[in-house]
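[1] Turn this into a model:
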Amino acid sequence: MPRFAFDIDPVWRTPLGVLGVRPDSAFVIAEKGEFVVRFGPWLLRTPLSNVLDATLTGPYSPWKVFGPRMSLTDRGVSFGTNARRGVCVRFRTPVSALAPGGFLTHPGATLTVSDPEGLMRALTEPRNA
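    The predicted structure follows:
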């Protein structure tokens, strides 16, 4: 399965590691009908058919992108590891990611992966789900 690693800025490696976000525990998978984001202890899982669209984004303000966050404006979730660039993914039906049990749901997710173009292709090219 293709895995998209998060692009962890060296400055943030230690603080993210304290949160449990390390190269072996932070990745995105978009294959076989499923979209999965693992960010340390946080998990977002939804069918690929729930992905509405995806857009390349960035650069970001460093203080607005670090770690797991929820936008108070639109409830979108961000799993941020650098301020350079990433992919904003929007969902047809909001998904759970930050709080257990579906307490909070998010209409979109921003992911700062190492290969944003590759993730975009995996999400937007025709697929057999």
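
[2] Now name the helix or strand holding the residue nearest to residue 23 when sequence neighbours are not counted.
    Closest residue in space to residue 23, ignoring its immediate chain neighbours: residue 5 at 6.2 Å, by Cβ to Cβ, 6 or more residues apart in numbering. All C-beta atoms are positioned from the backbone trio N, CA, C, and that covers glycine. Assigned by DSSP states H and E, residue 5 belongs to strand 3-5.

[3] ok, that strand: who's next to it in the sheet?
    strand 26-31 (antiparallel) (DSSP bridges).

[4] mind listing what's buried in the strand it pairs with?
    Buried residues in strand 26-31, defined by neighbour count with 16 or more other Cβ atoms under 10 Å: 26-30.

[5] In the chain, which strand is the longest?
    strand 86-96 (DSSP state E).

[6] Quick one: mean pLDDT over that one.
    Mean pLDDT, strand 86-96: 97.

[7] Contacts for that strand, please.
    The contact list for strand 86-96, computed with Cβ atoms under 8 Å, 6 or more residues apart in numbering, reads 35, 44-46, 49-58, 60, 75-76, 80, 102-113, 116, 119-120, 123.

[8] Would you indicate which residues of stretch 78-89 are buried?
    Residues of stretch 78-89 classed as buried: 78-83, 86-89 (neighbour count, 16+ other Cβ under 10 Å).

[9] re the thing from before, identify those among the contacts of strand 86-96 that sit within helices.
    With helices taken from DSSP state H, the overlap with the contacts of strand 86-96 comprises 116, 119-120, 123.

[10] what about burial for those residues, which qualify?
    By 16+ other Cβ under 10 Å, the ones in helices among the contacts of strand 86-96 give 116, 119-120, 123 as buried.

[11] would you turn those residues into CSV with distance to residue 93 and pLDDT?
    CSV is the format used below for these (distance: Cβ to Cβ, whole Å; pLDDT from 0 to 100):
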residue, distance to residue 93, pLDDT
116, 24, 97
119, 20, 97
120, 21, 95
123, 16, 93
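
[12] How about the lowest-mean-pLDDT helix or strand in the chain, which residues are buried there?
    In the chain, the helix or strand scored least confidently by mean pLDDT, DSSP states H and E is helix 62-65, which has a mean of 82. Using 16+ other Cβ under 10 Å as the burial criterion, the residues of helix 62-65 that qualify are residue 65.

[13] Many thanks, have a good one.
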